[in-house]
Every structure is written in C-alpha cells, then in structure tokens.
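Visitor: I'll drop the sequence and a predicted model, then ask my questions.
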Amino acid sequence: MDLKRDDHHLNDAFYRTLLESTKAIPWQMDWKTMSFSYIGPQIKTILGWEPESWLSANDWAERMHPEDRDWVVDFCISQSKDGVDHEADYRALTKDGDYVWIRDVVHVIRDEHGETVSLVGFMLDISARKKSEEELLKLKQELEAFSYQDSLTGIANRRLYDTFLQREWDLAIRNHTAISVIMIDIDFFKQYNDQYGHHAGDLALTAIATTLKSSLRSVDIVARIGGEEFVIVMPELTLADAVDVAERIRRKIESSVIEHNSEHTFLTASFGVGTIFPKDAEQPEIFIEQVDQLLYAAKECGRNQVKAIS
C-alpha cells in the first residue's frame, strides 16, 4: 500500500473541498498561455457562468464592464509581469447581463529565475460593500450640499457665499473683469417678527429669497448671511446693470403682499450696490464693507431705496 500516494490524494481532496467551500471564486491561470488551469464552481453561483466557459484571459477581460476593462487589464498585466501581488476592483458581467462588483486578489508565482509562471487568486463578491460605500458617498455629498445651503430658505448660506465671492474675485483679477455686489436688508423686520410671530417671519424670508433667486442670472448667486440680510454676487456686470437689478427686486418686494391673521402687510427692503474691477493687491473684504455702508446709508435715508457707489 502506497501511503504517500494516499496522503497526496487526501491532501488534494482536502484542498479542493476547502477551495470550493469558500464564498469567493478561486482560480489559477497559466501565464504563458493566458489560460485558466482551474476556476472554482462558485463562478456559477456568483456570476452565473459555467466554469467550462471561463477558459482564457480574454473571457475574463470581455466579461468586464467597458469602463473598467482597459485600466484593470493594463494594471493586472503590468503587476503580473513584475511579479507583484496585487488586487483590483471591477464590475464583472453576469450571464444574465447584470454586473457584480468583484475584488480580484492575485498572487504571482515565479520560478527560480524570478520569471512569472502562473497566477492564483480569488474573486470576491464585494457588491454589498460597494453599495454601502456608494450610499455613504451619497450621504456625504448630501451633507456637503446642506452645509452650503441656508436651512430656512434653501438658498446659499454664508459659507457658500464666501467661497463663491473669493473664486469670482480671483477670476475677475485674472480676466480684468468687473464684479458687482448687492447687499439687502429687510426693513423693520424685527418689528414684523414681534407683531406677527416668527413663523410668519420665516414665511416672509422664504418668499423674499424666492423673489431674489428668480431675479438673477444662472451665473449669479444669492445668499442669506444673517437673520434678514441677503447678498447677491454678480460676475461681469456693470454698476448700471446691477442698480437696475436692485431696483427691480426692490419693486417686487414692495409690491408683494404677505397675509397673516387676515391682515396684509407690505414689506420693503433697503439696498447697497457696488461694482469693482479688483486688482492683485485688493481683497474683497474692504469692497464688501463699502457696499455694506451704502446699505446702511439707504436705511438712514428712509429705507426702501437703493444706494450705489457714485
């Protein structure tokens, strides 16, 4: 009785049983012929393909999402040539025409001269993990969007305003173009809140924000930067045009009627308008302060009016 041969068969059976009981797809490929010498039966469970249909590297590459194919194939070939173990995530085509996210973990087997002779590895189904990562990324993006949005009115908040202003300021310096800013403050808004309540005040602010946003170009931005304070940034707009925009908005707000407890209240707003061709040494803060002073001049002169840099 040949005990060594029996032990060898037992070991083969043991390792095959171990391989085929995993939830990943074990495989082995001959480097010279680029053909699979083994692929586990799990491929039918995970991807729907019969093991016999998975013969060569071409079968592997062709059953990969077109957006992933080039970089994955190039990466795996270069790493294998260099004898470097590696892994790659990609979408593998199922027999039903769907795609499953796979993580291919590859070990390179080399001969005594350091030449690659074969590859062995596991294909792991990471679809659940990828879905979780995508959901987490979506959540992060939504949180990022919320971090730039005023929670009451839905328009930009101060954080987005600061970012946008600095970006447009730098572009204006580079391109030698103008940038216009309108500062807006709702007149006697504290008294309005005191008389009609904060809920009515919130509704009024939301309505005004909608009016402001609907009055602008797609390249402009309007932000709420305080309780009843708003600011508009308009790239490449002349002072005359910016004043026209402010006057148009002022009239819209003045003519709006907000109903509360069967009464009608006419809200008005005051405006400061400025335009500048910024230069390298200038910073936006000084300019914004000048426009803010114009806004307060409008309030001091009776409110419900536009004051502009003369």
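Guide: Received the coordinates, thanks.
Visitor: separation between the most centrally placed residue in the chain and A156?
Guide: With distances taken as CA atoms, centre = their mean, the residue of the chain nearest its centroid is Q141 (4.9 Å). Distance of Q141 to A156, given as CB to CB, to the nearest Å: 17 Å. For every residue, glycine as well, the C-beta is placed using N, CA and C.
Visitor: got it, and F188?
Guide: Taking CB to CB as the criterion, F188 is separated from A156 by 25 Å.
Visitor: and what of L165?
Guide: When L165 is compared with A156 (using CB to CB), they lie 10 Å apart.
Visitor: Mind checking which of those two has more residues around it?
Guide: Regarding L165 and A156, a neighbour count based on other CB atoms under 10 Å identifies A156 as having more, with 24 against 21.
Visitor: what secondary structure does the residue lying closest to the more buried one once chain neighbours are set aside sit in?
Guide: Across the structure, with CB to CB, 6 or more residues apart in numbering as the measure, the residue nearest A156 apart from its sequence neighbours is A223 (3.8 Å). Here A223 is strand, with the state taken from DSSP: H, G, I helix; E, B strand; the rest coil.
Visitor: looking at the sheet around A223, what are its partners?
Guide: Residues in a beta bridge with A223, per DSSP bridges, are A156, V231.
Visitor: Wait, it touches T153, no?
Guide: No: here A223 lies out of contact with T153, judged by CB atoms under 8 Å, at a distance of 9.4 Å.
Visitor: These two: which is more packed in?
Guide: Higher neighbour count among A223 and T153: A223, with 25 against 21, using other CB under 10 Å.
Visitor: Could you pull up the residues touching that one?
Guide: Applying CB atoms under 8 Å, 6 or more residues apart in numbering to A223 gives the contacts 150, 155-158, 160-161, 164, 230-233.
Visitor: PyMOL command for the buried members of those?
Guide: The following PyMOL selection, which keeps only the buried ones among the contacts of A223, applies the criterion 16 or more other CB atoms under 10 Å:
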select buried, resi 150+155+156+157+160+161+164+230+231+232+233
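Visitor: packing partners for the strand ranked longest in the chain?
Guide: Taking DSSP state E as the assignment, the strand of the chain that covers the most residues is strand 99-110. In terms of contacts (3 or more CB pairs under 8 Å, 6 or more residues apart in numbering; DSSP states H and E), strand 99-110 is packed against helix 66-81, strand 86-93, strand 116-125, helix 127-147.
Visitor: ok, of those, where does mean pLDDT dip lowest?
Guide: When mean pLDDT is averaged over each of these, helix 127-147 scores lowest at a mean of 80.
Visitor: Tell me what angle that one forms with strand 99-110.
Guide: Between the direction of helix 127-147 and that of strand 99-110, the angle (axes from the mean of the first three to the mean of the last three CA atoms, to 10 degrees) works out to 120 degrees.
Visitor: What's the mean pLDDT across the helix or strand that helix 127-147 is followed by?
Guide: Towards the C-terminus, the helix or strand next in line after helix 127-147, according to DSSP states H and E, is helix 158-175. Averaging the model's pLDDT scores along helix 158-175 yields 92.
Visitor: what helices or strands is helix 158-175 leaning on?
Guide: strand 179-186, strand 221-224, strand 229-235, helix 284-300.
Visitor: out of the ones you listed, nearest to V243?
Guide: When these are ranked by distance to V243, counting by CB to CB, first place goes to strand 179-186 at 8.8 Å.
Visitor: Figure out how far stretch 134-154 is from the centre of its chain.
Guide: Once both centres are worked out by CA atoms, centre = their mean, to the nearest Å, stretch 134-154 turns out to sit 9 Å from its chain's centre.
Visitor: Flag every buried residue along that stretch.
Guide: For stretch 134-154, burial by neighbour count (16+ other CB under 10 Å) applies to 149-150, 153.
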